[in-house]
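Colleague: What follows is a predicted protein model with its sequence.
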Amino acid sequence: MSERVLLVEDNGAALAQFRDALSAQGYQVTTAVNGLDGFAKVQTQKFDLCIVDHLMPLMNGPQLLKNLHAMGERAPTAVIFLSTQELGIVEQLPEMCIADMVLSKPLSSDDLLNNVAELLEQTAVAC
């Protein structure tokens, strides 16, 4: 498995947990500590999946989604959006149409890995 994943998460514990779980499954993981950092990385590298946290400093998750969408063909193939807020409210945000999947935190590593595998399988079939 050589899928490239960008993990954008400002919470250090969650970043380490998800990075370690994804790496253990063979994903090539690049991390970013906020949306601005993540956006800088997608401008220089191509990713199969971007996992974006909702509430972050400098550039929040919805703004990062808008910026990714504006990249067109250079944007990551798939996007998972993570939030600690009520999913019913989050899913009402206009930027959520850009995300392929919206997940609630806290999230176990197993749940994240299952959703990542499912989404990457779907996008591989669609290509």
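Modeller: Structure's in. What do you need? Numbers count the residues shown, from 1 in each chain.
Colleague: Check which helix or strand the most centrally placed residue in the chain maps to.
Modeller: By Cα atoms, centre = their mean, the chain has its centre lying nearest to Ile51, at 1.0 Å. Here Ile51 is covered by strand 49-53, with elements defined by DSSP states H and E.
Colleague: for Phe39, same thing?
Modeller: helix 35-42.
Colleague: What of Leu82?
Modeller: Using DSSP H and E, Leu82 falls in strand 78-83.
Colleague: counting contacts, what elements does that strand pack onto?
Modeller: Packed against strand 78-83 by the contact rule (3 or more Cβ pairs under 8 Å, 6 or more residues apart in numbering; DSSP states H and E) you find strand 49-53, helix 61-70, strand 101-104, helix 109-126. Bear in mind the C-beta positions are built from the backbone N, C-alpha and C, glycine included.
Colleague: quick one: which of the ones you listed is nearest Phe18?
Modeller: Phe18 lies closest to helix 109-126 among those, at 5.8 Å (Cβ to Cβ).
Colleague: Quick check: which helices or strands does that closest one pack against?
Modeller: So helix 109-126, by 3+ Cβ pairs under 8 Å, 6+ apart, packs with helix 12-24, strand 49-53, strand 78-83, strand 101-104.
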